[in-house]
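Student: make a model of this:
(one chain, ligands or ions: 1)
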Amino acid sequence: MIGWTLTALLAGLGFALYSYLAKIFTYWTKRKVPGPKPTLLTGNFGSNLMGNKSIGDIADQVYQDYRDEPVAGTFVMTQPLLHLHDPEIIKHVLVKDFQDFHGRGIYVESERDPLTAHLFNLSGKRWKELRAKIAPTFTPAKIKYMFETMKECCTQLQDFVEAKAAANGGRYNADIREMQARVSTDVVSSVAFGIQSNSLKTPESEFRRIGTKVVEPTVFNSIRLMVLFFLREIAQKFQFTITVTEIETFFTKLVAETVAYREQNGIERADMLQMLMQLKNKGFVQPREGEEAEPVPEDGQPGGKLTMNEMVAQVYIFFIAGFDTTSATTSLTMYELTKNHDIQEKVYQEVQDVLKRHNGEVTYEAIMEMTYLDKVINETLRMYPPLPFLNREVMVNREIPLTNIQVNKGTRIIVPVRALHHDPQYWPEPSKYDPERFSEEAKASRPAHVYLPFGEGPRVCVAQRLGLMQVKVSVAMLLSRFRLEASEDTPAEVEFAPRSFVPLPKKELKMTLVSRQIAAA
Ligand code: HEM
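Tutor: Reported below is the predicted structural model:
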């Protein structure tokens, strides 16, 4: 008897759950939005939760399958997600109607999980105020100032490779992705905190260890990212803490100790931490000499001063957003240059010609004159955008622009950047590495908003200039001293780790750097 009652109860519960989920999954069909059929508990993202595919891979697949549709709808577990495919709709959401779509829908818990409260994650008034305060940290004048630090790290890289090559008849066979990750860690730790992390020479350095831990493509990190990005409601309900304690402790201690040391000893440096300290102490970033002050809004400096916790959260995002994006772009540029000798030769010639005009000195102005290098980096960012998608949240009940699809406040939106960058209707032969796609003529011939490596609109990457400059300095300085050659273990195509967010090769990315100096001797 008890057995029958229990079976009936379970069957009833199962049916109720099934009916509930089936109703939720009518969200898109009711709105006549096409999309793949969701699976009962995991929606359309089961393969991500199982660790077989990244969120970017799934967005790519939806784009392939529904390319001719202006939008498509999926579910992350039970959370509806709208994929934008039409460039005009994308423009409206990112730029023209930004105020109604400005959120990211990301989990932020400033008290219990303070490192989540950073610029990338925040929405609403808090994002707007913080963005206005942080943007002056990345003006051209400030980047020019940080340039010398970047250059110093790249000089150390040149010397490091030269020494390795000298010990091996002028040739150094390196895992370029790991090497660049270490250099980028050095750059970001110097530019952000004025600290020499020495990751290039000491791979077991604390900074490199923490950096690896943050981006490691583990199942845990993959699920963490999914919850952070799309399942805020669940995280809030169950009071999840997303940040790993060790990482939170590392950054909190680092910032507290560095700030205390500088304040006690009256030390001022030209780095991001100093600017964040100004935000903590004064509520605004001091313009540099000769630099125009940012216009102060009519309502004064909104949002007051930064708290210590807010400061740590910003340092954390500068670190994670800064080192992996730039090292992926630099190493994949070098990889493509090993495969495309004529392009490598053309960049090398440009670097030589420009440096000659600048007395052999790598300066900010010299790098800005390297227009072919700029095209090359743009093409790498097209083929391998570090962020394969952009995300937004609908902030009010309204229709999706240029459609009659009514969506609820809180609906998540995704712009499949990588899929757009590989669509043959905008990029003929998308697998071909061709920097000429970025000639003025070619740029004018395609719609805007099909190239979005840094995002677009008021939420565009706040450090775009810094990121680009770092990649360019690194590539230009390496090419000026070394020829890049494929070695027998250089892959014909790069295969990426499925659980990784930014493009992280599954295996080492090997190539040979040949010293031009030794070869010429
Ligand atoms: C090649 C290098 C880089 C690439 C490709 C890149 C790409 C991006 C993208 C796609 C976004 C989202 C934009 C959107 O949603 O519209 C973003 C946002 C952001 N990036 Fe970058 N980034 C790079 C370097 C950096 C660096 C060096 C830093 C800091 C030191 C940084 C800090 C940020 C921050 C704080 C945001 C959030 C902006 C906001 O939501 O207001 N990025 N980045």
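
Student: going by C-alpha atoms from here, please, whenever you check contacts or count neighbours.
Tutor: OK.

Student: excluding its backbone neighbours, what's nearest H449?
Tutor: Distance criterion CA to CA, 6 or more residues apart in numbering; nearest residue to H449, sequence neighbours excluded, is P87 at 5.6 Å.

Student: distance of that neighbour relative to L452?
Tutor: Note on P87: its distance to L452, by CA to CA, to the nearest Å, is 11 Å.

Student: who's more crowded, these two?
Tutor: Taking other CA atoms under 10 Å, P87 and L452 do not tie; L452 has more neighbours (22 against 17).

Student: part of a helix, is that one?
Tutor: No. Checked against DSSP: H, G, I helix; E, B strand; the rest coil, L452 lies outside a helix; its state is coil.

Student: can you give me phi and psi for it?
Tutor: phi -140, psi 50 (degrees, to the nearest 10).

Student: now do the contacts for it.
Tutor: By CA atoms under 8 Å, 6 or more residues apart in numbering, L452 lies in contact with V417.

Student: for it, give its distance to I320.
Tutor: Counting by CA to CA, the gap from L452 to I320 is 20 Å.

Student: which parts of the stretch 101-250 of the chain sit against the ligand?
Tutor: The stretch 101-250 of the chain comes close to the ligand at residues 119-120, 131, as judged by CA under 6 Å from any ligand atom.

Student: I'd like the list of those residues that fall within helices, please.
Tutor: Using DSSP state H, the members of those that fall in helices are R131.

Student: tally of neighbours for the residue of the stretch 1-150 of the chain found nearest the ligand?
Tutor: The stretch 1-150 of the chain approaches the ligand most closely through F120 (3.6 Å), counting by CA to the nearest ligand atom. A total of 19 residues lie near F120 under the criterion other CA under 10 Å.

Student: was I right about it contacting I317?
Tutor: Yes. Contact status for F120 versus I317: in contact at 7.3 Å, counting by CA atoms under 8 Å.

Student: ok, which stretches of the stretch 301-450 of the chain are helices?
Tutor: When assigned using DSSP state H, counting those that start in this stretch, the helices of the stretch 301-450 of the chain occupy the ranges 308-339, 341-357, 364-369, 371-383, 417-421, 440-444.

Student: how deep is the residue nearest to V494 when sequence neighbours are not counted tucked in, by neighbour count?
Tutor: What sits nearest to V494 in space, not counting adjacent residues and going by CA to CA, 6+ apart, is P505, at 6.3 Å. The local packing of P505 (other CA under 10 Å) involves 17 other residues.

Student: for P505, give the beta-bridge partners.
Tutor: On the basis of DSSP bridges, P505 takes part in beta bridges with F496.

Student: thinking again about what came up before, how about the helices of the stretch 301-450 of the chain in CSV, adding distance to the ligand, mean neighbour count and mean pLDDT?
Tutor: Formatted as CSV, these follow (distance: least, CA to the nearest ligand atom, whole Å; neighbours: other CA atoms under 10 Å; pLDDT from 0 to 100):
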stretch, distance to the ligand, mean neighbour count, mean pLDDT
helix 308-339, 3, 22, 93
helix 341-357, 19, 17, 98
helix 364-369, 16, 16, 97
helix 371-383, 7, 22, 98
helix 417-421, 9, 26, 98
helix 440-444, 19, 11, 96
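
Student: nearest to N265, out of those helices?
Tutor: Among the helices of the stretch 301-450 of the chain, helix 308-339 comes nearest to N265, with 18.8 Å by CA to CA.

Student: pLDDT score for the residue nearest to V494?
Tutor: Looking at P505, its pLDDT is 88.

Student: cool, L119 as well?
Tutor: Each residue has a pLDDT score; the one for L119 is 95.

Student: pretty sure it sits against W127.
Tutor: Yes. Under the criterion of CA under 8 Å, L119 makes contact with W127 at 6.2 Å.

Student: count of neighbours near E393?
Tutor: E393: 23 surrounding residues under other CA under 10 Å.

Student: need the helices for the stretch 51-200 of the chain, in chain order.
Tutor: Using DSSP H, counting those that start in this stretch, the helices of the stretch 51-200 of the chain run over 55-65, 87-91, 124-134, 140-166, 176-193.

Student: list the buried residues for the second one?
Tutor: Read it as helix 87-91. For helix 87-91, the buried set under the neighbour-count rule, 16 or more other CA atoms under 10 Å, comprises 87-91.

Student: what mean pLDDT would you report for it?
Tutor: Helix 87-91 shows a mean pLDDT of 98.

Student: also stretch 423-433?
Tutor: pLDDT averaged over stretch 423-433 gives 97.

Student: determine how far the last residue of that stretch lies from the first.
Tutor: Using CA to CA, the two ends of stretch 423-433 sit 14 Å apart.

Student: pull the residues that contact it.
Tutor: 336, 379-380, 383, 420-422, 437, 446-447, 450.

Student: if you set the cut-off to 7 Å instead, what comes out?
Tutor: Residues from elsewhere that reach stretch 423-433 (CA atoms under 7 Å, 6 or more residues apart in numbering): 379, 422, 446.

Student: tabulate those residues (a markdown table), appending distance to I176.
Tutor: As requested, the contacts of stretch 423-433 are exported to a markdown table (distance: CA to CA, whole Å):
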| residue | distance to I176 |
| --- | --- |
| E379 | 19 |
| H422 | 24 |
| R446 | 33 |
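
Student: now do the strands in the stretch 151-300 of the chain.
Tutor: With strands called from DSSP state E, counting those that start in this stretch, the stretch 151-300 of the chain shows them at 171-175.

Student: with adjacent residues omitted, what lies nearest to D60?
Tutor: Of all residues not flanking D60 in the chain, A419 sits nearest, at 5.0 Å (CA to CA, 6+ apart).

Student: what does the stretch 351-500 of the chain have sitting close to the ligand?
Tutor: So far as CA under 6 Å from any ligand atom goes, the stretch 351-500 of the chain lies against the ligand at 386-387, 390, 453-456, 459-464, 466-468.

Student: show me those that map onto strands.
Tutor: L390 (DSSP state E).

Student: which pLDDT does the model give G290?
Tutor: You'll see G290 listed with a pLDDT of 63.

Student: so where's the stretch 151-300 of the chain uncertain?
Tutor: In the predicted model of the stretch 151-300 of the chain, residues 288-300 satisfy pLDDT under 70.
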